[in-house]
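>>> Next comes the sequence, and after it the predicted model I'd like to discuss.
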Amino acid sequence: LKKGADAAHGDDTSCLKDLVAIWINQAFRPSPLIQPDDKHSHSFVNNICGRLLCPAEWDWGQNRVKDGICNRMSECIVSENSWPLFLYKNYNVMHGNLEAGLFKSRLLVQAFKAIFTSPSSVKEAEGNGDGVDILENDRHTQWKSDQAKVKTCVTLIINMKKVTPRAITYIVCQVHFALSNISSWHTIDSDFDYEGFWNNIVDFFENVPGPVTKLGWTSFWNGGLGNKFIVY
């Protein structure tokens, strides 16, 4: 089982390595374009990747922040204890409320659909994803009209009825890796600890008073239906 799970994780990583680069190129039109096979040009050496990975409480537009991060100055260490900007709706943050728009970015919706439903379903993630019923749109599509069998989406295989906090956490970590400049998976990337990052996200959703106060995230990811997350 572990071998199969590791293989699936590897497939997801490979898939998103290409797709995240494509989506960023389409959304931001950087020059030069981000190349999915050149991971060394990602992360903070790239202006767009750097902006998206920058902790939300910092302003990537300030040269002192860019220089501090790139030079790993003590006051600008990027760790797992901050929320990166790519998690936020419209990639903007309300500095008086760091939870506003959190985990509602289009990039996360695109990545979730690519992995858990199908890459072709990403085109349905229009705008910023508000009100999308991410799972239901693809739940019953298993055969084309010409009777050719198509790949069953992951949500059907694992019988996922609702988007769960840990599914979101998995996608967040995969997207973060795709934006980074490391070419193979490591739990520790410089000063960033992926295991700690995972735990921080899970704690955000699951720790008291999480299940009570996180209804906005529930309705966003489950089509505005107001259903509670299923926590595995």
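Great, that's in hand.
>>> what residues are up against Ser82?
By CB atoms under 8 Å, 6 or more residues apart in numbering, the contact list for Ser82 reads 55-57. (C-beta placed from N, C-alpha, C; glycine too.)
>>> what's the closest of those to Met73?
Pro55 (13.7 Å; CB to CB).
>>> So which of the contacts of Ser82 is the closest to Thr218?
Checking the contacts of Ser82 against Thr218 with CB to CB, the nearest one is Ala56 at 21.4 Å.
>>> Name only those of the contacts of Ser82 that count as buried.
The neighbour-count test (16 or more other CB atoms under 10 Å) marks 55-56 as buried among the contacts of Ser82.
>>> export the contacts of Ser82 to JSON lines and tack on distance to Asp193, secondary structure and pLDDT?
Converted to JSON lines, the contacts of Ser82 look like this (distance: CB to CB, whole Å; DSSP: H, G, I helix; E, B strand; the rest coil; pLDDT from 0 to 100):
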{"residue": "Pro55", "distance to Asp193": "14", "secondary structure": "strand", "pLDDT": "97"}
{"residue": "Ala56", "distance to Asp193": "18", "secondary structure": "coil", "pLDDT": "97"}
{"residue": "Glu57", "distance to Asp193": "18", "secondary structure": "coil", "pLDDT": "95"}
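>>> between the contacts of Ser82, which is nearest Gly216?
The closest of the contacts of Ser82, once distances to Gly216 are taken by CB to CB, is Ala56, at 17.1 Å.
>>> Give me the neighbour count for the residue nearest to the closest one when sequence neighbours are not counted.
Leaving aside its sequence neighbours, Ala56 sits nearest to Val93 (CB to CB, 6 or more residues apart in numbering; 4.2 Å). For Val93, the count of nearby residues is 22 (other CB atoms under 10 Å).
>>> which sections of the chain are below the confidence cut-off?
Applying pLDDT under 70 to the chain flags residues 1-8, 118-159, 208-215, 224-232.
>>> for the protein, what spans make up the helices?
2-28, 47-53, 63-70, 106-116, 154-157, 165-179, 194-206, 210-213, 215-221 (DSSP state H).
>>> quick one on the thing from earlier: can you name the residues that contact the residue nearest to Ala56?
Here Val93 is in contact with 56-57, 85, 100-101 (CB under 8 Å, 6+ apart).
>>> okay, these in a markdown table with distance to Pro32 next?
Below are the contacts of Val93 laid out as a markdown table (distance: CB to CB, whole Å):
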| residue | distance to Pro32 |
| --- | --- |
| Ala56 | 26 |
| Glu57 | 29 |
| Leu85 | 21 |
| Ala100 | 33 |
| Gly101 | 29 |
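>>> With adjacent residues omitted, what lies nearest to the residue nearest the centre of the chain?
By CA atoms, centre = their mean, the chain has its centre lying nearest to Val172, at 3.3 Å. Take Val172 and drop its neighbours on the chain: the residue closest to it by CB to CB, 6+ apart is Ile201, 5.9 Å away.
>>> For the one you found, grab the count of nearby residues.
Neighbour tally, Ile201, other CB under 10 Å: 22.
>>> isn't it right up against Ile168?
Yes: using CB atoms under 8 Å, Ile201 makes contact with Ile168 at a distance of 7.3 Å.
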